[in-house]
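1. sequence first, then the predicted structure:
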Amino acid sequence: MTHPDPLMDAAAAALFLLLVTGAALLLSSYIHRVFSGGVSAGLPGAIERTVYRFIGTTPEEEEGWRGYTRDLLIFNGIGFVVLFALLLLQGALPLNPGGVGAFDPLTAVNAAVSFVTNTNWQVYSGEVSASYLSQMAGFTVQNFLSAATGICIAIAVMRGLTSQSTDRIGNFWVDMTRSVLYILLPLALTAALLLASQGVIQNLDASVTAGPQTIAMGPVASQEAIKLLGTNGGGFFAANSAHPYENPTAISNLIEAFLILLVPAALPFVFGRMTGAMRQGWAIYAVMLTIYVAAFGGLYAAELAGNPLMGELGVSGISMEGKEVRFGLLGTALFATSTTATSCGAVDAMHDSLTPLGGMVPMLLILLGEVVFGGVGSGFYTVTGFVVVAVFIAGLMIGRTPEFLGKKIEAAEMQMAVVTVLVPGVLVLLLSGITLALPWAMGNPGPHGLSEVVYAFASMSNNNGSAFAGLDATGPFYVIAGALAMAVGRFAPAIAMLVLAGSMAEKKAIPPGPGTLSTASPAFVAWTTLIILLVGGLTFFPLLAMGPVAEYLLMVGGV
């Protein structure tokens, strides 16, 4: 493989992000119209009204945060039960040409929690463990519903921040219907056709045997499209987006990275449109983009530098172990940054094979809460928690009552913001500490083994789903601890932000004065970025120092 050209790759990455930004702006206008009730014509509109009649609700029947949260938990609880039952019964159900048997109960619990929480952490190999019915009616359906749940929460939070003197933040059933019907379904259909044109397979055939090799078949394009658009992650195949049937070409690789970022990047602009001041959306987008660019540059530079020990052996060029030659360094770095900056978790290379500092970048992006651009919905409401913290601290520093969009940030809002920001990190520290106290729980000794454990719990607690491949997480401890981390990491911040939204909605905005802190200025963008990095740095610096940094020092020292 030829040595990459950093300048050409930088130009290509800049063009890629420019396309993402342009598409996100266009999509944000459409999403804003959807949730304003401005898209309801034709067949989709008829389907929408039929769903409302079946449920027994209307768009006018809005609820406060308690009712919205209740409906959200009930809906996701039903989704868990249905998927859990499907996995236990799949051996006796149709669309099972491989004759795969039932999941064992613990694995079924873990998988059901994983897909309901938008994590898609997999302790099984999809092509040999799941029937086509489980893949389509189970995993793919939950890919839509968990992504739509994130969008619903984000829109409810936007309403809470922009509404005045009301205790209502929306109707969960209406938001869910509109998210799936008008946003995710048409985008996923378009993406599936686009991926299929690149060679992603879509069939219901049984596996093909060619000599000693068994080649898995299946409905891959339909699942691949929504796993990327919904920042779900996971994959039909164990190799995920490194598998040629999921990601065949360099072009499909760029398409998939684009799909991962599209909806999360659009939501800050939706917020800007809802506030009536697009600069508010641009400010949040700028925070996300700044950290993304820095992360991509760090990962690219680390992988370009490679392992100096290989050079001493006379091996030239970058290390491609664990990476796909058809994607190269640019495609690998772009995908790895995108999938961990969001809560996607799809991978086109094994992150365990990245250099120590290269592997630290996706780990740190997850540990920061995946707010760059974050998961579908979850990225926006999590970064909003950081914005509230930034406003509060800035207000204390300048001796003014903290305000956001003209509304005072008080103790109740600050408490919910702190829960949103810190709960996933506390889970990582707690579960990693317990694991390190168990002598049998680490697969590898030393700094890299620590990185594998921390990455695993960071991935589960922040609902990413990717992993350092050297860790065996199939045992009962990881299965149970992982299910707990995924459930709490998903719903504790979500509920906290809905509480915050309800509290903010009840407040009346006051006109800005001469001393009002601008939350749409370059200075506030820099301040919020610093707060995000400080929270991550202060919380996880010791783990990063003992893991990837120590491993890097050992590598350059020739150990």
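-> Great, that's in hand. These numbers were taken from a predicted model, which means no experiment stands behind them.

2. CA atoms for contacts and neighbours, from now on please.
-> Fine.

3. count the residues that sit near residue 105.
-> When neighbours are counted by other Cα atoms under 10 Å, residue 105 registers 13.

4. just checking, it touches residue 88?
-> Yes. The pair residue 105 / residue 88 is scored as a contact, 6.9 Å apart, by Cα atoms under 8 Å.

5. burial measure for residue 400, as a count.
-> If you count neighbours by other Cα under 10 Å, residue 400 ends up with 13.

6. from residue 394, how far out is it?
-> 8 Å (Cα to Cα, to the nearest Å).

7. with residue 408 instead?
-> Where residue 394 is concerned, residue 408 sits at a distance of 13 Å (Cα to Cα).

8. after the helix or strand hosting residue 112, next one along is what?
-> Residue 112 is part of helix 105-116, with elements assigned from DSSP states H and E. The helix or strand immediately downstream of helix 105-116 is helix 126-129, counting by DSSP H and E.

9. which element follows that following helix toward the C-terminus?
-> Heading C-terminal from helix 126-129 (DSSP H and E), you reach helix 132-133.

10. starting at the chain centroid, how far to that following helix?
-> 25 Å (Cα atoms, centre = their mean, to the nearest Å).

11. check whether residue 101 sits in a helix, strand or coil.
-> Under DSSP: H, G, I helix; E, B strand; the rest coil, residue 101 falls in the coil class.

12. show me what contacts it?
-> By Cα atoms under 8 Å, 6 or more residues apart in numbering, residue 101 lies in contact with 90-92, 129.

13. now it: phi and psi?
-> Backbone torsions for residue 101, taken as degrees, to the nearest 10, come to phi -90, psi -170.

14. over to residue 280?
-> Per degrees, to the nearest 10, the backbone of residue 280 is at phi -70, psi -40.

15. tell me the pLDDT at it?
-> At residue 280, the pLDDT value in this model is 95.

16. test my guess that it contacts residue 518.
-> No. Counting by Cα under 8 Å, residue 518 is not a contact partner of residue 280; they are 9.5 Å apart.

17. between the two, who's got more neighbours?
-> When neighbours are counted by other Cα under 10 Å, residue 280 and residue 518 differ, and residue 280 comes out ahead with 23 against 16.

18. contact partners for that one?
-> 271-272, 519-520.

19. which two among those are spaced furthest apart?
-> 271 and 519 (13.3 Å; Cα to Cα).

20. higher neighbour count, those two?
-> Using other Cα under 10 Å as the criterion, residue 271 and residue 519 rank with residue 271 on top: 27 against 21.

21. show me what contacts that one?
-> 158, 278, 280-281 are the contacts of residue 271 under Cα under 8 Å, 6+ apart.

22. which one of the residues you listed has the most neighbours?
-> residue 158 (25 neighbours).

23. now that residue: how far from residue 199?
-> Distance from residue 158 to residue 199, by Cα to Cα: 39 Å.

24. ditto for residue 304
-> Separation of residue 304 from residue 199 (Cα to Cα): 29 Å.

25. ranges for the helices of the stretch 51-200 of the chain?
-> 65-89, 105-116, 126-129, 132-133, 141-162, 172-178, 185-197 (DSSP state H, counting those that start in this stretch).

26. run the chain-centre distance for the second one.
-> Using Cα atoms, centre = their mean, the distance from the centre of helix 105-116 to the centre of the chain it belongs to is 18 Å.

27. by how many degrees do it and helix 65-89 diverge?
-> Interaxial angle of helix 105-116 relative to helix 65-89 (axes from the mean of the first three to the mean of the last three Cα atoms, to 10 degrees): 140 degrees.

28. which secondary structure state does residue 345 sit in?
-> coil.

29. surely it touches residue 233?
-> Yes. Using Cα under 8 Å, residue 345 makes contact with residue 233 at a distance of 4.5 Å.

30. what's the overlap in contacts for those two?
-> 119-120, 464-466.

31. residue 327: which of the residues you listed is nearest?
-> residue 466 (18.6 Å).

32. let me know the secondary structure of that closest one.
-> coil.

33. excluding covalently adjacent residues, which one is nearest to it?
-> residue 345 (4.3 Å; Cα to Cα, 6 or more residues apart in numbering).

34. distance of that neighbour relative to residue 483?
-> For residue 345 relative to residue 483 (Cα to Cα), the value is 16 Å.

35. so residue 147 versus residue 100, what's the distance?
-> The value you get for residue 147 to residue 100, if Cα to Cα is used, is 28 Å.

36. looking at these two, which one has more neighbours?
-> Neighbours per residue, other Cα under 10 Å: of residue 147 and residue 100, the larger number sits with residue 147, 28 against 16.

37. that one against residue 230, yeah?
-> Yes. Using Cα under 8 Å, residue 147 is in contact with residue 230, at 4.9 Å.
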